[in-house]
Structures are given as C-alpha cells and as structure tokens.
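Peer 1: Build me a model:
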Amino acid sequence: MKTLRKNIDLSNETIAILQIEATLSSFGSLKPFLEKIVNDFAAKSSKGRPEIYSKVLSKKALNLSRKKATDGKRKKSKG
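Peer 2: Next up is the predicted model:
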C-alpha cells in the first residue's frame, strides 16, 4: 500500500442515485456526501478493529512526519 488511490469508477446510474440522495440529504453536491459516507465507514471500521488500524495509522503518521522533515530541509537548502 505505497500510494493511496482516491478515484473510483461508478456507473452512470449509481452516480445519478447518489446525486439525488446527496441533494435530498441537503449536501448540495456529490463530493461532500461521498466524503461523509467514506469517513463514517472508516471511523466505524477503526473502532471495530482498533488493534489493526492503530498499527497502520501510526506507521503512516511516522512516514508523513519523516517526509515533511525531509521536504523542509530540501526547501531550506535551495533558498
């Protein structure tokens, strides 16, 4: 799981149904509606199996902090 894939392919019928549901749920557009669904599912999953997700998320946080530190050093040396 080196990179995260953020795009998904859905049929036109599925998109139409989701757009209608987003409008009926007062979201206004599809993106925030889908983000809420995905975020809710992720929160529920992490609570259901904390031993699995805590390990994955702590490693990801560590990798992100290392990357930010490396990026900051590169920017300073260029200037």
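Peer 1: What segments of this structure are helices?
Peer 2: 12-24, 30-48, 50-78 (DSSP state H).
Peer 1: Pull stretch 12-32 out as CSV, backbone CA atoms only.
Peer 2: In CSV, the C-alpha atoms belonging to stretch 12-32 read as follows (Å, rounded to 0.1, in the frame of the first residue of the first chain):
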residue,chain,number,x,y,z
ASN,A,12,-23.9,6.5,-14.6
GLU,A,13,-27.0,5.0,-12.8
THR,A,14,-25.1,4.8,-9.5
ILE,A,15,-23.9,8.4,-9.8
ALA,A,16,-27.4,9.6,-10.6
ILE,A,17,-28.8,7.9,-7.5
LEU,A,18,-26.0,9.2,-5.3
GLN,A,19,-26.5,12.7,-6.6
ILE,A,20,-30.2,12.5,-5.8
GLU,A,21,-29.5,11.2,-2.3
ALA,A,22,-26.9,14.0,-1.7
THR,A,23,-29.5,16.6,-2.7
LEU,A,24,-32.2,15.1,-0.6
SER,A,25,-29.8,14.9,2.3
SER,A,26,-29.0,18.7,1.9
PHE,A,27,-25.4,18.2,0.9
GLY,A,28,-25.8,20.2,-2.3
SER,A,29,-23.3,18.2,-4.3
LEU,A,30,-22.0,14.7,-4.5
LYS,A,31,-18.5,15.1,-3.2
PRO,A,32,-19.2,16.1,0.4
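Peer 1: which residues are contacting it?
Peer 2: Here stretch 12-32 makes contact (C-beta atoms under 8 Å, 6 or more residues apart in numbering) with 10, 33, 34, 36. Bear in mind the C-beta positions are built from the backbone N, C-alpha and C, glycine included.
Peer 1: Could I get the buried residue list for that stretch?
Peer 2: For stretch 12-32, burial by neighbour count (16 or more other C-beta atoms under 10 Å) applies to 22, 27, 30.
Peer 1: tell me, which of the helices of the chain is the model least confident about?
Peer 2: Ranked by mean pLDDT, these bottom out at helix 50-78, with a mean of 67.
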